[in-house]
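S.K.: next come a sequence and a model predicted from it.
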Amino acid sequence: MNIKNKNIVLISGSLRKDSFNTKVLRSFEKKIISYGYSTTFVDLNHFPIPFYNEDIEAQGIPSKVFMLKNILQSASGLIVSSPEYNGEISAVLKNTFDWLSRKSVNETPKQNFLNLKTIVIGASTGKNGANRAIERLQSLLTTLGVDKEILNYSLAKASKDIFDAQGNLIIVEQNDIVEELVSNYLESINHLINFDKKVS
Ligand SMILES: Cc1cc2nc3c(=O)[nH]c(=O)nc-3n(C[C@H](O)[C@H](O)[C@H](O)COP(=O)(O)O)c2cc1C
(Lines give C-alpha, C1' and ligand atoms only; values in the text may rest on other atoms or scores of the structure.)
Protein backbone atom coordinates (compact mmCIF):
# COMPACT_ATOMS: atom_id res chain seq x y z
CA MET A 1 0.00 0.00 0.00
CA ASN A 2 1.28 3.48 -0.82
CA ILE A 3 1.92 6.02 1.89
CA LYS A 4 -0.45 8.79 0.97
CA ASN A 5 0.62 12.39 1.26
CA LYS A 6 -1.70 15.08 2.49
CA ASN A 7 -2.82 16.49 -0.83
CA ILE A 8 -6.53 17.00 -1.40
CA VAL A 9 -7.80 17.42 -4.96
CA LEU A 10 -10.84 19.62 -5.53
CA ILE A 11 -12.71 19.56 -8.85
CA SER A 12 -15.47 22.01 -9.75
CA GLY A 13 -18.04 20.78 -12.24
CA SER A 14 -19.08 24.30 -13.22
CA LEU A 15 -17.26 26.28 -15.90
CA ARG A 16 -19.02 29.52 -14.95
CA LYS A 17 -16.82 32.38 -13.73
CA ASP A 18 -19.10 33.26 -10.80
CA SER A 19 -20.16 29.68 -10.13
CA PHE A 20 -21.70 28.97 -6.72
CA ASN A 21 -20.27 25.46 -6.84
CA THR A 22 -16.79 26.85 -7.37
CA LYS A 23 -17.27 29.34 -4.53
CA VAL A 24 -18.44 26.64 -2.13
CA LEU A 25 -15.55 24.43 -3.17
CA ARG A 26 -13.10 27.30 -2.59
CA SER A 27 -14.49 27.74 0.92
CA PHE A 28 -13.84 24.03 1.59
CA GLU A 29 -10.33 24.53 0.25
CA LYS A 30 -9.62 27.45 2.58
CA LYS A 31 -10.63 25.41 5.62
CA ILE A 32 -8.54 22.43 4.48
CA ILE A 33 -5.46 24.63 3.99
CA SER A 34 -5.97 26.07 7.49
CA TYR A 35 -5.48 22.52 8.83
CA GLY A 36 -2.08 22.31 7.14
CA TYR A 37 -3.02 20.21 4.13
CA SER A 38 -1.99 21.00 0.60
CA THR A 39 -4.61 21.23 -2.13
CA THR A 40 -4.85 21.13 -5.89
CA PHE A 41 -7.85 23.00 -7.28
CA VAL A 42 -8.95 21.80 -10.69
CA ASP A 43 -10.80 24.39 -12.80
CA LEU A 44 -12.02 22.41 -15.79
CA ASN A 45 -11.75 25.55 -17.96
CA HIS A 46 -8.01 24.79 -17.89
CA PHE A 47 -8.50 21.17 -18.95
CA PRO A 48 -10.27 21.29 -22.30
CA ILE A 49 -10.89 17.65 -23.18
CA PRO A 50 -12.82 16.40 -26.25
CA PHE A 51 -16.08 14.51 -25.77
CA TYR A 52 -15.19 10.90 -25.02
CA ASN A 53 -14.85 8.96 -28.25
CA GLU A 54 -13.18 5.58 -28.65
CA ASP A 55 -11.76 6.70 -31.99
CA ILE A 56 -9.90 9.55 -30.26
CA GLU A 57 -8.76 7.19 -27.50
CA ALA A 58 -7.40 4.76 -30.11
CA GLN A 59 -4.98 7.54 -31.12
CA GLY A 60 -3.94 8.10 -27.50
CA ILE A 61 -5.48 9.46 -24.31
CA PRO A 62 -5.39 13.32 -24.47
CA SER A 63 -2.53 14.94 -22.52
CA LYS A 64 -4.93 16.91 -20.28
CA VAL A 65 -6.44 13.61 -19.12
CA PHE A 66 -2.96 12.38 -18.20
CA MET A 67 -2.36 15.58 -16.27
CA LEU A 68 -5.53 14.96 -14.28
CA LYS A 69 -4.60 11.31 -13.71
CA ASN A 70 -1.25 12.45 -12.28
CA ILE A 71 -2.97 14.95 -10.02
CA LEU A 72 -5.30 12.24 -8.68
CA GLN A 73 -2.49 9.78 -8.12
CA SER A 74 -0.83 12.16 -5.67
CA ALA A 75 -4.04 12.61 -3.68
CA SER A 76 -5.28 11.39 -0.33
CA GLY A 77 -8.69 12.89 -0.86
CA LEU A 78 -11.07 14.08 -3.51
CA ILE A 79 -13.78 16.74 -3.28
CA VAL A 80 -16.05 17.30 -6.25
CA SER A 81 -18.82 19.87 -6.69
CA SER A 82 -21.42 19.85 -9.41
CA PRO A 83 -24.30 21.99 -10.54
CA GLU A 84 -27.57 20.18 -11.15
CA TYR A 85 -28.66 20.48 -14.75
CA ASN A 86 -32.07 18.88 -15.32
CA GLY A 87 -31.49 16.52 -12.45
CA GLU A 88 -28.05 15.41 -13.63
CA ILE A 89 -24.43 16.41 -13.01
CA SER A 90 -22.81 18.75 -15.52
CA ALA A 91 -21.84 17.25 -18.84
CA VAL A 92 -18.25 18.52 -18.56
CA LEU A 93 -17.80 16.67 -15.27
CA LYS A 94 -19.30 13.42 -16.58
CA ASN A 95 -17.08 13.63 -19.66
CA THR A 96 -13.99 14.22 -17.52
CA PHE A 97 -14.74 11.18 -15.35
CA ASP A 98 -15.45 9.01 -18.41
CA TRP A 99 -11.98 9.81 -19.70
CA LEU A 100 -10.39 9.33 -16.28
CA SER A 101 -12.02 5.90 -15.99
CA ARG A 102 -10.02 4.66 -18.96
CA LYS A 103 -7.05 2.58 -17.94
CA SER A 104 -3.79 3.57 -19.58
CA VAL A 105 -0.80 1.25 -20.07
CA ASN A 106 0.80 0.20 -16.75
CA GLU A 107 -2.24 1.26 -14.72
CA THR A 108 -4.18 -1.16 -12.56
CA PRO A 109 -8.01 -1.02 -12.75
CA LYS A 110 -9.52 2.00 -10.98
CA GLN A 111 -6.00 3.06 -9.90
CA ASN A 112 -6.79 6.77 -10.00
CA PHE A 113 -9.70 6.61 -7.59
CA LEU A 114 -9.20 3.53 -5.44
CA ASN A 115 -10.11 4.19 -1.79
CA LEU A 116 -9.94 7.96 -2.13
CA LYS A 117 -11.75 9.67 0.74
CA THR A 118 -14.40 11.74 -0.98
CA ILE A 119 -16.84 14.58 -0.44
CA VAL A 120 -19.51 15.38 -3.00
CA ILE A 121 -20.97 18.89 -3.12
CA GLY A 122 -23.98 20.25 -4.95
CA ALA A 123 -25.06 23.90 -4.92
CA SER A 124 -28.11 25.06 -6.78
CA THR A 125 -30.38 28.04 -6.99
CA GLY A 126 -33.32 25.70 -6.50
CA LYS A 127 -34.74 24.58 -3.18
CA ASN A 128 -33.59 20.95 -3.50
CA GLY A 129 -29.92 21.93 -3.25
CA ALA A 130 -28.81 19.79 -6.23
CA ASN A 131 -29.76 16.64 -4.35
CA ARG A 132 -30.32 14.63 -7.51
CA ALA A 133 -26.91 15.65 -8.88
CA ILE A 134 -25.33 14.72 -5.54
CA GLU A 135 -26.91 11.25 -5.75
CA ARG A 136 -25.70 10.76 -9.33
CA LEU A 137 -22.21 11.91 -8.44
CA GLN A 138 -22.02 9.59 -5.44
CA SER A 139 -23.08 6.68 -7.59
CA LEU A 140 -20.58 7.54 -10.35
CA LEU A 141 -17.65 7.97 -7.96
CA THR A 142 -18.52 4.71 -6.18
CA THR A 143 -18.39 2.96 -9.55
CA LEU A 144 -14.97 4.51 -10.15
CA GLY A 145 -13.68 3.03 -6.89
CA VAL A 146 -13.51 5.77 -4.26
CA ASP A 147 -13.98 4.92 -0.58
CA LYS A 148 -17.61 3.85 -0.03
CA GLU A 149 -18.29 6.31 2.79
CA ILE A 150 -18.80 9.39 0.69
CA LEU A 151 -19.67 12.57 2.61
CA ASN A 152 -21.88 15.15 1.01
CA TYR A 153 -22.83 18.79 1.28
CA SER A 154 -25.83 20.41 -0.33
CA LEU A 155 -26.45 24.15 -0.65
CA ALA A 156 -29.96 25.17 -1.67
CA LYS A 157 -31.16 28.56 -2.88
CA ALA A 158 -27.66 29.71 -3.74
CA SER A 159 -27.38 33.37 -4.66
CA LYS A 160 -24.66 35.99 -4.81
CA ASP A 161 -25.96 37.49 -1.56
CA ILE A 162 -24.80 34.55 0.55
CA PHE A 163 -21.12 35.03 -0.29
CA ASP A 164 -18.85 37.89 0.75
CA ALA A 165 -16.41 39.65 -1.60
CA GLN A 166 -13.78 36.96 -0.90
CA GLY A 167 -16.25 34.21 -1.82
CA ASN A 168 -16.77 32.98 1.76
CA LEU A 169 -20.20 31.73 2.81
CA ILE A 170 -21.71 34.36 5.08
CA ILE A 171 -24.51 32.19 6.50
CA VAL A 172 -23.20 31.17 9.90
CA GLU A 173 -25.13 27.88 10.10
CA GLN A 174 -23.83 26.80 6.69
CA ASN A 175 -20.30 27.79 7.62
CA ASP A 176 -20.59 25.66 10.76
CA ILE A 177 -21.82 22.66 8.75
CA VAL A 178 -18.88 22.99 6.35
CA GLU A 179 -16.45 23.37 9.26
CA GLU A 180 -17.66 20.18 10.93
CA LEU A 181 -17.74 18.24 7.67
CA VAL A 182 -14.16 19.25 6.83
CA SER A 183 -12.98 18.38 10.32
CA ASN A 184 -14.54 14.87 10.17
CA TYR A 185 -13.22 14.36 6.68
CA LEU A 186 -9.64 15.27 7.55
CA GLU A 187 -9.79 13.05 10.59
CA SER A 188 -10.70 10.07 8.41
CA ILE A 189 -7.88 10.98 6.01
CA ASN A 190 -5.42 11.11 8.89
CA HIS A 191 -6.48 7.61 9.92
CA LEU A 192 -5.75 6.42 6.40
CA ILE A 193 -2.34 8.10 6.29
CA ASN A 194 -1.35 6.70 9.70
CA PHE A 195 -2.60 3.24 8.73
CA ASP A 196 -0.55 3.33 5.53
CA LYS A 197 2.55 4.36 7.47
CA LYS A 198 2.10 1.47 9.92
CA VAL A 199 1.72 -1.22 7.25
CA SER A 200 4.50 -0.02 4.93
C1 LIG B 1 -29.64 23.90 -18.20
C2 LIG B 1 -29.91 24.15 -16.74
C3 LIG B 1 -30.60 23.20 -16.02
C4 LIG B 1 -30.83 23.38 -14.67
N5 LIG B 1 -31.45 22.40 -13.96
C6 LIG B 1 -31.57 22.52 -12.62
C7 LIG B 1 -32.10 21.44 -11.84
O8 LIG B 1 -32.46 20.40 -12.35
N9 LIG B 1 -32.17 21.61 -10.49
C10 LIG B 1 -31.75 22.76 -9.87
O11 LIG B 1 -31.83 22.85 -8.64
N12 LIG B 1 -31.22 23.78 -10.58
C13 LIG B 1 -31.12 23.69 -11.92
N14 LIG B 1 -30.56 24.72 -12.65
C15 LIG B 1 -30.12 25.95 -11.97
C16 LIG B 1 -28.69 25.79 -11.45
O17 LIG B 1 -28.77 25.24 -10.15
C18 LIG B 1 -28.00 27.15 -11.38
O19 LIG B 1 -27.86 27.66 -12.68
C20 LIG B 1 -26.65 27.07 -10.67
O21 LIG B 1 -26.25 28.36 -10.33
C22 LIG B 1 -25.57 26.40 -11.51
O23 LIG B 1 -24.41 26.19 -10.76
P24 LIG B 1 -23.14 27.19 -10.76
O25 LIG B 1 -23.57 28.46 -10.09
O26 LIG B 1 -22.12 26.47 -9.98
O27 LIG B 1 -22.70 27.42 -12.18
C28 LIG B 1 -30.36 24.57 -14.02
C29 LIG B 1 -29.66 25.52 -14.78
C30 LIG B 1 -29.43 25.30 -16.11
C31 LIG B 1 -28.63 26.34 -16.90
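M.R.: Done, it's in. Numbering: from 1, shown residues only.

S.K.: what about the closest residue to residue 47 other than its chain neighbours, neighbour count?
M.R.: Spatial nearest neighbour of residue 47, chain neighbours left out: residue 64 (4.6 Å); criterion: Cβ to Cβ, 6 or more residues apart in numbering. To be clear about C-beta, it is placed using only N, CA and C from the backbone, and glycine gets the same treatment. The number of residues packed near residue 64 is 16, by other Cβ atoms under 10 Å.

S.K.: which strands and helices lie in contact with whichever strand or helix holds residue 194?
M.R.: Residue 194 is part of helix 172-199 when elements are defined by DSSP states H and E. In terms of contacts (3 or more Cβ pairs under 8 Å, 6 or more residues apart in numbering; DSSP states H and E), helix 172-199 is packed against helix 20-34, strand 117-123, strand 151-155.

S.K.: so which bits of the longest one are buried?
M.R.: Of the residues in helix 20-34, those scored as buried under the neighbour-count criterion (16 or more other Cβ atoms under 10 Å) are 20-29, 31-32.

S.K.: next one: the next helix or strand after that helix to chain centre, how far?
M.R.: Next along the chain after helix 20-34, taking DSSP H and E as the criterion, comes strand 38-43. For strand 38-43, the separation from the chain centroid amounts to 9 Å (computed by Cα atoms, centre = their mean, to the nearest Å).

S.K.: what is the rounded mean pLDDT of strand 38-43?
M.R.: The pLDDT scores in strand 38-43 average 98.

S.K.: before we move on, what about stretch 19-31?
M.R.: Confidence over stretch 19-31 (mean pLDDT, whole number) is 97.

S.K.: please apply the same query to stretch 51-62.
M.R.: 97.

S.K.: flag every buried residue along it.
M.R.: 52, 61-62.

S.K.: nearest to residue 158, of those residues?
M.R.: residue 52 (29.1 Å; Cβ to Cβ).

S.K.: the closest residue to that closest one other than its chain neighbours: neighbouring residues, count only.
M.R.: Of all residues not flanking residue 52 in the chain, residue 98 sits nearest, at 4.4 Å (Cβ to Cβ, 6+ apart). Residue 98 has 15 neighbours, counted by other Cβ under 10 Å.

S.K.: for the ligand, see how far away residue 98 is.
M.R.: 20 Å (Cβ to the nearest ligand atom, to the nearest Å).

S.K.: likewise for residue 46?
M.R.: The spacing between residue 46 and the ligand, counted by Cβ to the nearest ligand atom, is 16 Å.

S.K.: mind checking the SS state of the residue of the chain found nearest the ligand?
M.R.: Closest residue of the chain to the ligand, Cβ to the nearest ligand atom: residue 126 (2.7 Å). Following DSSP: H, G, I helix; E, B strand; the rest coil, we place residue 126 in the coil state.

S.K.: need the contact list for it.
M.R.: Neighbour list for residue 126: 84, 156-157 [criterion: Cβ atoms under 8 Å, 6 or more residues apart in numbering].

S.K.: of the residues you listed, buried ones?
M.R.: Buried among those (16+ other Cβ under 10 Å): residue 84.
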